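K.L.:
Starting from these lines, generate the structure:
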Amino acid sequence: MTSIMPRTQTPTDLRIEQPIRVAIVDEFPAHVMGLAQTIDRSPSLEVVATASSGAALLQRITETAPDVVIIEPWMRSGDGVSCITRIAQEHPEIAIIALSRMWDDDHSAESRIAGAAAHLPKDTDLEDLPALVRQVVAGAEVRPAGQGATSRSSLLTEREREVLRLAARGQSNADIAHALFVTEQTVKFHLSNVYRKLGVHNRTEASHRAAQAGMLG
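P.N.:
Numbering: from 1, shown residues only. Okay, here's the model as predicted:
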């Protein structure tokens, strides 16, 4: 299923605030319809394209010129993550939201490595979606409900703590990736988040800070 609305031309002398243009990519028509209806009810948002695969969207993404793409990275077509990567590389002005049924730290890391600005669970309340889209377009870091922790310890996800524990034992990125059945790039992504959250610069400092805070038990 692919539905495209071309960009309309507005005379330059008309000072009309343009709505945020949204494209939706998901293999399930009912889900696309629900997202589209919710977004179109918002006066500041407009659905300009829907597609059932990444390839279908990429064929006409220049023509439709969305500001935001909402996409399920793990569709049966197998091209969701590669679509995110292509958009991020070829159209960096487009913000990408991964809205996925695959909700765990590693899948979130993979979508963000590919170029998604946010990774949200598919059961996110649809009524919250317009506000989330605006936040992403504004450059804000969007986290699912329940991840707004205040302490450094609670800011780390379970996977980040697991990676940090292995790093503290002296294991290399390759060793950690092998132990956790993920890629080295995913390990690096988790460690980068750990450093940022703990306010440190390397694994030695992170290990020392985490040990002091009792995070490695």
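K.L.:
List the buried residues in the longest helix belonging to the chain.
P.N.:
Looking across the chain with DSSP state H, the single longest helix is helix 184-198. Under the neighbour-count criterion of 16 or more other C-beta atoms under 10 Å, helix 184-198 has 186-191, 193-195, 197-198 buried. Any C-beta I mention is one placed from the backbone N, CA and C, and that applies to glycine too.
K.L.:
For those, could you give me TSV that also reports pLDDT and distance to Glu160?
P.N.:
Converted to TSV, these look like this (pLDDT from 0 to 100; distance: C-beta to C-beta, whole Å):
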residue	pLDDT	distance to Glu160
Thr186	91	11
Val187	92	10
Lys188	91	12
Phe189	90	10
His190	90	5
Leu191	92	8
Asn193	86	6
Val194	87	5
Tyr195	87	10
Lys197	80	8
Leu198	81	10
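K.L.:
Contacts only, for Ser53.
P.N.:
25, 27, 75, 77, 79, 83 (C-beta atoms under 8 Å, 6 or more residues apart in numbering).
K.L.:
show me what contacts the residue nearest to the fifth one when sequence neighbours are not counted?
P.N.:
Residue nearest to Asp79 in three dimensions, not counting chain neighbours: Gly54, with 4.0 Å by C-beta to C-beta, 6 or more residues apart in numbering. Shown in contact with Gly54 (C-beta under 8 Å, 6+ apart): 25, 71, 75, 77, 79-80, 82-84, 86.
K.L.:
What about those, which one has the most neighbours?
P.N.:
Greatest neighbour count in these, by other C-beta atoms under 10 Å, goes to Val25: 30 neighbours.
K.L.:
Okay, that residue and Ile96: tell me how far apart.
P.N.:
Here Val25 is placed at a distance of 10 Å from Ile96 (C-beta to C-beta, to the nearest Å).
K.L.:
now Ile70
P.N.:
For Ile70, the distance to Ile96 - C-beta to C-beta - is 8 Å.
K.L.:
Tell me which residues are up against stretch 199-210.
P.N.:
Contacts for stretch 199-210 (C-beta under 8 Å, 6+ apart): 152, 161, 164, 167-168, 191, 194-195, 198, 216.
K.L.:
Quick one: the strands in this structure, in order.
P.N.:
In the chain, the segments counted as strands under DSSP state E are 2-4, 20-25, 45-51, 68-71, 95-100, 118-121.
K.L.:
Make JSON lines from the buried residues of helix 184-198 and add distance to Asp106 to it.
P.N.:
Output for the buried residues of helix 184-198, formatted as JSON lines (distance: C-beta to C-beta, whole Å):
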{"residue": "Thr186", "distance to Asp106": "6"}
{"residue": "Val187", "distance to Asp106": "10"}
{"residue": "Lys188", "distance to Asp106": "13"}
{"residue": "Phe189", "distance to Asp106": "9"}
{"residue": "His190", "distance to Asp106": "8"}
{"residue": "Leu191", "distance to Asp106": "13"}
{"residue": "Asn193", "distance to Asp106": "12"}
{"residue": "Val194", "distance to Asp106": "15"}
{"residue": "Tyr195", "distance to Asp106": "18"}
{"residue": "Lys197", "distance to Asp106": "17"}
{"residue": "Leu198", "distance to Asp106": "20"}
